[in-house]
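>>> no sequence on hand, only this structure:
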């Protein structure tokens, strides 16, 4: 990864040494699971209002210091200057939430910063929502759901040919799952992630979308292969 030493130095200065250690432990040996959520960007959705007024725009140069100060691990991606990073900001102009939306034209540049690979190659009518972050000062105010809904509306207006949005969320990250649900995302697939000696093996599988999110239903997702039998799908690409 480019800028790795500069990023690590900033993380240490900003007291993120524990994050570095945890990432090293995880990538040495860990088993975890992410839910792949999907949103129909053309599906009409009601407006969500956060507890503070929010406005939306694309990332600007003046946002970088506050983002790097609180989220230094994003420095390499910020320096990549992928154009579609959205910022929800307060009436005082403070960034409250950031989220990259990546289209197929930019995925090659973005992919080195994404752990693993996608469940399928991105098509021209698809995008991926990644590295969402709510600034600590504004957590608990309903910012994520409201900001995501604003971003979805913006994409639907500016890029009407793009219909499907995906995002990958660890199944234990309940606050992010709830924010995505509130914005209109629904469970679509799952990705089992097996880290061994800094290498990740992935297993994609379909789920019973009718069961909803894990915090709504304690039963585990049902796995299917394309014939309908219940078994894991190892390193396969499923149809959208």
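Received the coordinates, thanks. Predicted model only: the values in this text are computed from it and were never measured.
>>> pLDDT wise, what is residue 236 at?
pLDDT, residue 236: 34.
>>> C-terminal to the helix ranked longest in the chain, what's the next element?
With secondary structure taken from DSSP state H, the chain has its longest helix at helix 143-158. As assigned by DSSP states H and E, the chain's next helix or strand after helix 143-158 is strand 164-170.
>>> what's that following strand packed up against?
In terms of contacts (3 or more Cβ pairs under 8 Å, 6 or more residues apart in numbering; DSSP states H and E), strand 164-170 is packed against strand 29-40, strand 126-134, helix 174-183. The C-beta positions use only the backbone N, C-alpha and C, and glycine is treated the same way.
>>> report the buried residues of the first one.
If you call a residue buried by 16 or more other Cβ atoms under 10 Å, then strand 29-40 has these buried ones: 33, 34, 35, 36, 37, 38, 39.
>>> quick one: the second one and residue 188, what's the gap?
If you measure residue 34 against residue 188 using Cβ to Cβ, to the nearest Å, the figure is 11 Å.
>>> over to the third one?
With the distance defined as Cβ to Cβ, residue 35 ends up 8 Å from residue 188.
>>> what sits in contact with each of the two?
Common neighbours of residue 35 and residue 188 (criterion: Cβ atoms under 8 Å, 6 or more residues apart in numbering): residue 207.
>>> center of this structure - which residue?
For the chain, the residue sitting closest to the mean C-alpha position, by Cα atoms, centre = their mean, is residue 130 at 3.1 Å.
>>> roughly how far does that residue sit from residue 110?
Separation of residue 130 from residue 110 (Cβ to Cβ): 7 Å.
>>> what residues are shared contacts of those two?
Counting by Cβ under 8 Å, 6+ apart, the residues touching both residue 130 and residue 110 are 100, 102.
>>> strands of the chain, residue ranges please.
Here the chain has its strands, by DSSP state E, at 29-40, 55-58, 85-89, 95-103, 126-134, 164-170, 186-196, 199-206, 233-234.
>>> sorry, back to before: which of the buried residues of strand 29-40 sits closest to residue 208?
residue 35 (12.4 Å; Cβ to Cβ).
>>> surely that closest one is in contact with residue 192?
No. Look at residue 35 against residue 192 with Cβ atoms under 8 Å: they stay out of range, at 10.9 Å.
>>> partner residues bridging the nearest residue to residue 58 once chain neighbours are set aside?
Of all residues not flanking residue 58 in the chain, residue 86 sits nearest, at 6.2 Å (Cβ to Cβ, 6 or more residues apart in numbering). Legend: beta-bridge partners of residue 86 under DSSP bridges are residue 58, residue 99.
>>> gap between residue 86 and residue 33?
For residue 86, the distance to residue 33 equals 27 Å [Cβ to Cβ].
>>> ok, residue 128 next?
Residue 128 sits 18 Å away from residue 33, taking Cβ to Cβ as the criterion.
>>> what is the burial count for the closest residue in space to residue 60 that isn't next to it in sequence?
Excluding its sequence neighbours, the residue lying closest to residue 60 (Cβ to Cβ, 6+ apart) is residue 87, at 7.5 Å. Residue 87 has 22 neighbouring residues, counting by other Cβ atoms under 10 Å.
>>> pretty sure residue 87 is touching residue 64, no?
No. The pair residue 87 and residue 64 does not pass the contact test of Cβ under 8 Å, sitting 10.6 Å apart.
>>> so what's the residue count around residue 198?
By other Cβ under 10 Å, 10 other residues sit near residue 198.
>>> measure it to residue 24 for me?
Residue 198 sits 9 Å away from residue 24, going by Cβ to Cβ.
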